[in-house]
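J.: how would this look folded up:
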Amino acid sequence: MAINIQKRIKFIEEYKKNLAGNITRCCKEAGVSRNVYYTKWLKSKKKIIDGKTFAEIIADIDQQVLDDAEQIYKGIAIVEKDKTALFNFLRKKHPDWKDTPISMNMVDMKEIDKLREEINEMIDYAKDTTKNAKTSIADNTDKGVEAGNGQST
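T.: Numbering: from 1, shown residues only. Have a look, this model is predicted:
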């Protein structure tokens, strides 16, 4: 039923807007109960947008939020020259820093500048990806409703 798809899309929009946040608030905005969200929508195997199930779309949003948070963390580490954040970033990403206790006084500024450029590129990519994903959802929403795509749970 098209109304059910519209409610799922409304939920997805709210979920994105709230950065994968409060399920109760998103359910309220979509006009469904938390029970429907957990027992029906997340368990449904029907593809609703771009060949993905509702649960896959929610998982993609969750991953995007985590990716964005990681980009912000990297930006703070490099732009703000936060030594603790930078040290943790390098230990996670740089092979020479893994599991090696190194004094923070040994940070190479050339490496920081290189990483700053990489982070700025990643942030730009993340912004473009988010913009394209929003456009794709809007396009598919229009196509599904116009075509009478009546998939529901």
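
J.: Distance check, Ser44 against Ile5.
T.: Here the criterion is CB to CB, to the nearest Å. By it, Ser44 lies 11 Å from Ile5. Placement of C-beta: from N, CA and C, glycine included.

J.: Of the two, which one has the most company?
T.: Each of Ser44 and Ile5 has its neighbours counted (other CB atoms under 10 Å); Ile5 has more, 22 against 17.

J.: For the most centrally placed residue in the chain, which non-adjacent residue is spatially closest?
T.: The chain has Gln64 as the residue nearest its centroid, 1.6 Å off, counting by CA atoms, centre = their mean. Once flanking residues are discounted, Gln64 sits nearest to Thr130: 6.8 Å by CB to CB, 6 or more residues apart in numbering.

J.: does the one you found sit in a helix or strand, and which one?
T.: Element membership of Thr130, judged by DSSP states H and E, is helix 109-146.

J.: sorry, back to before: what strand or helix carries the residue nearest to the centre of the chain?
T.: Under the criterion of DSSP H and E, Gln64 resides in helix 54-79.

J.: Helix 54-79 and the helix or strand following that helix, what's the angle between them?
T.: Later in the chain than helix 54-79, the nearest helix or strand by DSSP H and E is helix 83-93. Orientation check (axes from the mean of the first three to the mean of the last three CA atoms, to 10 degrees): helix 83-93 against helix 54-79 gives 130 degrees.

J.: Report the buried residues of helix 83-93.
T.: Buried positions in helix 83-93, judged by neighbour count with 16 or more other CB atoms under 10 Å: Ala85, Leu86, Phe87, Phe89, Leu90.

J.: Using PDB, write out every CA atom in that helix.
T.: The C-alpha coordinates for helix 83-93 follow below in PDB (Å, rounded to 0.1, in the frame of the first residue of the first chain):
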ATOM      1  CA  LYS A  83      47.600  16.000  20.200                       C
ATOM      2  CA  THR A  84      45.400  13.300  21.900                       C
ATOM      3  CA  ALA A  85      43.000  13.100  18.900                       C
ATOM      4  CA  LEU A  86      45.900  13.200  16.400                       C
ATOM      5  CA  PHE A  87      47.700  10.500  18.300                       C
ATOM      6  CA  ASN A  88      44.600   8.300  18.400                       C
ATOM      7  CA  PHE A  89      44.000   8.900  14.700                       C
ATOM      8  CA  LEU A  90      47.500   8.000  13.700                       C
ATOM      9  CA  ARG A  91      47.500   4.900  15.900                       C
ATOM     10  CA  LYS A  92      44.300   3.700  14.100                       C
ATOM     11  CA  LYS A  93      45.200   4.600  10.500                       C
END
